[in-house]
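Participant: 3D, please:
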Amino acid sequence: MACDTCKIALHSPHGGIFYTNDIVSGFVILDVREDFKVKQIDFKVKGISKASWARSSPTVPFIRKYSEKREVFSVTVDVFGDLKGTTIESGIFTRPFNFFLPPDLPSSYEDSIAKVYYEIKISSKSFFKTVCPLTVINKVDLNQFDEYKIPLLYEMRKKIGKSGNFSLIFKTYKGFTARQLIPFEAIISNERKIKVRKIMVYLIKKIEYNVSSGFNIAEKILCKSVYKNVLNIVSQTCCFDMEIPQDVPPSTIRMNDLMVSISYSLRVKVTFLFYLPLFVDIPVTIASVPISYHT
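Facilitator: Residues are numbered from 1 along each chain as shown. Next up is the predicted model:
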């Protein structure tokens with residue numbers, strides 16, 4: 001084989017992650033061990049989204065399969081145009097490259113149902129092929145919106161008997177990023193002094209899968225925070241927090257007709273000793289750019 005190795009070196013200021021609306025750059029290293037006549041060397045970047053799942057059906061064939069594969073990104077870069085039609089001698093050749101990631105690309109993602117992936121592929125017929133995976137994250141920046149920079153209040157109420165009321169005002173931010181510690185404040189008004197067992201907050205990821213023949217919805221608890229020291233008094237302010245996991249992808253916003261869409265909510269649940277629980281789902285947005293909160 002004429003080409004011993006073909007390597008791709010990427011310039012990544014974000015630890016191997018590339019964001020939409022940015023330029024990806026790097027260089028290709030060809031290690032040629034014998035004279036090689038170049039007919040054509042292709043440099044292509046592709047993004048693929050695919051999903052597949054099965055669902056029971058009341059009629060034959062009783063199990064219906066939903067499956068689709070789409071190309072979400074494609075670009076060809078003329079990296080080796082100066083070598084086309086020439087014979088190169090043995091040695092090491094390097095060529096720089098760059099390409100732009102549009103702002104509407106979906107983030108790289110994978111679960112048991114769907115996968116969104118990107119790769120750089122370099123190939124020369126009958127000689128070599130090199131594939132380099134590319135992790136792409138959609139850039140979600142909420143800093144232009146003031147509503148994400150201040151904590152918001154959410155009220156939860158429960159009727160106790162004929163005259164009593166229990167209320168909880170939950171205070172937190174509606175936008176944050178991965179690896180962030182989110183503060184919570186629960187202000188309790190408990191005039192009947194009913195026994196509260198604990199306050200739980202779950203971060204819920206909701207995934208919607210869409211193919212041309214149907215859709216599917218899944219929900220997953222990513223993490224939770226529990227406050228147990230609720231006192232049997234009329235009023236109390238409870239302060240606690242939650243650390244957002246490192247590998248949480250950003251919310252899907254401002255994009256349509258995607259095969260995989262991701263949204264999040266905080267599920268606040270209050271449990272009592274002798275009454276049914278009280279809960280509320282608060283829609284939240286996970287960004288990929290840290291938010292500068294107002295102090």
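Participant: which ones are touching residue 219?
Facilitator: 204-207 (CB atoms under 8 Å, 6 or more residues apart in numbering). (Each C-beta comes from the backbone N, C-alpha and C, glycine too.)
Participant: what's whatever helix or strand residue 155 lives in in contact with?
Facilitator: Remark: residue 155 resides in strand 152-160, with elements defined by DSSP states H and E. With CB under 8 Å, 6+ apart as the contact definition, strand 152-160 has outside contacts at 165-174, 192, 194, 268, 270, 275, 278-280, 282.
Participant: now that strand, how far from the centre of its chain.
Facilitator: Relative to the centre of its chain, strand 152-160 is centred 31 Å away, using CA atoms, centre = their mean, to the nearest Å.
Participant: quick one: strands adjacent to the following helix or strand past it?
Facilitator: Note on strand 152-160: by DSSP H and E, the next helix or strand toward the C-terminus is strand 164-172. Note on strand 164-172: by DSSP bridges, its sheet partners are strand 152-160 (antiparallel), strand 181-190 (antiparallel).
Participant: ok so, going back, just the contacts of residue 219 now: which is nearest residue 44?
Facilitator: Nearest to residue 44 among the contacts of residue 219: residue 207, at 29.0 Å, using CB to CB.
Participant: and what about the residue nearest to the closest one when sequence neighbours are not counted, helix, strand or coil?
Facilitator: Excluding the flanking residues, the one nearest residue 207 by CB to CB, 6 or more residues apart in numbering is residue 218, at 4.8 Å. Look at residue 218: counting by DSSP: H, G, I helix; E, B strand; the rest coil, its state is strand.
Participant: isn't residue 218 right up against residue 113?
Facilitator: Yes. Shown here, residue 218 and residue 113 form a contact pair, counting by CB atoms under 8 Å, at 7.1 Å.
Participant: residues shared between the contacts of these two?
Facilitator: Residues within reach of residue 218 and of residue 113 at once, by CB under 8 Å, 6+ apart, are 207, 209.
Participant: quick check, central residue of this protein?
Facilitator: Nearest to the mean C-alpha position of the chain, by CA atoms, centre = their mean, lies residue 249 at 1.9 Å.
Participant: per-residue pLDDT, the residue nearest to it when sequence neighbours are not counted?
Facilitator: Once flanking residues are discounted, residue 249 sits nearest to residue 107: 5.0 Å by CB to CB, 6+ apart. Residue 107 is assigned 96 on the pLDDT scale.
Participant: so who does residue 107 touch?
Facilitator: Residue 107 sits next to 116, 136-138, 249-250, 262 when contact means CB under 8 Å, 6+ apart.
Participant: list the helices and strands the helix or strand bottoming out on mean pLDDT in the chain packs on?
Facilitator: Lowest on mean pLDDT, DSSP states H and E among the helices and strands of the chain sits strand 36-37, with a mean of 76. Secondary-structure packing of strand 36-37 (3 or more CB pairs under 8 Å, 6 or more residues apart in numbering; DSSP states H and E): strand 87-88.
Participant: strands paired with the strand it packs on, and their directions?
Facilitator: Applying DSSP bridges, one finds strand 87-88 paired with strand 36-37 (antiparallel).
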